[in-house]
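> below are the sequence and a predicted model; questions follow.
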Amino acid sequence: FEGRTADKYSSTTAIMGMNGQEPIAVVLFQLGGPDSLDAIEPFLYNLFCDPDIINFPGAFAARKFIARRISSSRSKKVAANYIAIGGKSPIGELTNAQAAALEQDLRKTLAADVYVAMRYWHPFTEEALKGMMGKSYRKVILLPLYPQYSQATTVSSLKEWNRQSKLLNFVKTPTATVCCYHNHPLYIRAITDNIYSTFQKFVSEREEEIDILFSAHGIPMSLVRKGDPYKEQIEESVRLVIENGKWKSPHHLCYQSKVGPAKWLKPSLNETIRSLALQGRRNLLVVPIAFVTEHIETLHEINIEARELAKHLGIGRFEMMPALNDSPTFIACLKDLVLTNLD
């Protein structure tokens, strides 16, 4: 499924959909990740070149220089983390699996092609657009794999889509954009089901003895002050999951992946683990609430770094809920979002 090209898949879009309608195209937005150790530094450079990531007065003139310095200085440390999880990010393969599952599900109802557009590594937005060139679609649905809306994720991907669309003159096809789906019932159910499965790993502990830690990727407080809805949407997702699950366990919301000296959303994942350890709590179930695929933030930051910290602090049992990946319930959520945005 990787690197979909126009000639390889042209036969699928030549068919007409139900009622003689042309096919639709669905584009999954995701951040991406390095697919080899050599890709780490250029991936980081692309990330820190994004004006929605590095932005301050005068940043335009210095952004590339800053991105080069940060990516060069961080790449060796980050490489060790990637080596610990297999030498690359799995996000590309997992996103392709999500795309394939969604495409298969959609084709039960209508003719559809699903593409992947990564923000910072292959397949880039430009590659997805080139794969669509020369084909006739009645509508394009832009579907971010970010359930919660943020300037740093959804908006950044949309800006890149608009920029590349103009450069490639791909502006005539009617397009709809899925804003967010942090409270979609199927998204909430998919998380709830994964938490139930993870609870099974706690054999002898009662629910009251297990703390559920919802860990979301943090964002700078400067974005929150400007009205970014991410924090509120994360909080609503957590509330709905807890209402849906009806567990007797205490739950906590924290944030991770802070970069740089600026103030970010708090409390951090590590602060929360330390606090619970001091209170004598010994069983943690960590839920990566804003991550729909496994990548470095789940596999290393949570499952290795946070796990080691918890063990050092005397936590007896530490379990991480797996990301949704191509869970049938999550794919059903994505399908519903596409069908809802067709008209």
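Right, received. Where do you want to start?
> which other helices and strands contact the top helix by length along the chain?
What stands out as the longest helix in the chain, according to DSSP state H, is helix 59-84. Using 3 or more Cβ pairs under 8 Å, 6 or more residues apart in numbering; DSSP states H and E as the contact test, the elements touching helix 59-84 are helix 40-49, helix 296. Backbone N, C-alpha and C define where each C-beta goes, glycine included.
> lowest mean pLDDT across the ones you listed, which one is that?
Among those, helix 40-49 has the lowest mean pLDDT, at a mean of 94.
> next, the angle from that helix to helix 59-84.
Per axes from the mean of the first three to the mean of the last three Cα atoms, to 10 degrees, the angle that helix 40-49 makes with helix 59-84 is 140 degrees.
> off-centre distance for helix 40-49?
Put simply, helix 40-49 sits 17 Å off its chain's centre (Cα atoms, centre = their mean, to the nearest Å).
> name the helices or strands packed onto it?
By 3+ Cβ pairs under 8 Å, 6+ apart, helix 40-49 packs against helix 59-84.
> buried residues, the helix or strand containing Ile191. List them.
Using DSSP states H and E, Ile191 sits in helix 185-199. For helix 185-199, burial by neighbour count (16 or more other Cβ atoms under 10 Å) applies to Leu186, Tyr187, Ile188, Arg189, Ala190, Ile191, Thr192, Asp193, Asn194, Ile195, Thr198, Phe199.
> could you pull out the helices for the stretch 1-150 of the chain?
With DSSP state H, counting those that start in this stretch as the criterion, the stretch 1-150 of the chain has helices at 6-14, 40-49, 59-84, 91-106, 125-132.
> which of the residues in the longest one are buried?
Buried residues in helix 59-84, defined by neighbour count with 16+ other Cβ under 10 Å: Arg63, Ala67, Ile70, Ser71, Arg74, Ser75, Val78, Ala79, Tyr82.
> from Pro322, how far off is the residue lying closest to the third one once chain neighbours are set aside?
Meaning Ile70. Nearest non-adjacent residue to Ile70, counting by Cβ to Cβ, 6 or more residues apart in numbering: Phe48, 4.9 Å away. In this view, Phe48 and Pro322 are 29 Å apart by Cβ to Cβ, to the nearest Å.
> let me know how buried the nearest residue to Arg74 once chain neighbours are set aside is, in neighbour terms.
Counting by Cβ to Cβ, 6+ apart, Arg74 lies nearest to Leu44, which is 5.9 Å off, once chain neighbours are set aside. Applying other Cβ atoms under 10 Å, we find 22 residues neighbouring Leu44.
> tell me how far stretch 77-86 lies from the chain's centre.
19 Å.
> let's see it as PDB, backbone CA atoms only.
The C-alpha coordinates for stretch 77-86 follow below in PDB (Å, rounded to 0.1, in the frame of the first residue of the first chain):
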ATOM      1  CA  LYS A  77      19.700  10.900  21.300                       C
ATOM      2  CA  VAL A  78      16.500  10.200  19.400                       C
ATOM      3  CA  ALA A  79      18.200   7.500  17.300                       C
ATOM      4  CA  ALA A  80      18.900   5.500  20.500                       C
ATOM      5  CA  ASN A  81      15.200   5.700  21.300                       C
ATOM      6  CA  TYR A  82      14.300   4.400  17.800                       C
ATOM      7  CA  ILE A  83      16.800   1.600  18.100                       C
ATOM      8  CA  ALA A  84      15.100   0.500  21.200                       C
ATOM      9  CA  ILE A  85      11.800   0.100  19.400                       C
ATOM     10  CA  GLY A  86      13.100  -1.600  16.300                       C
END
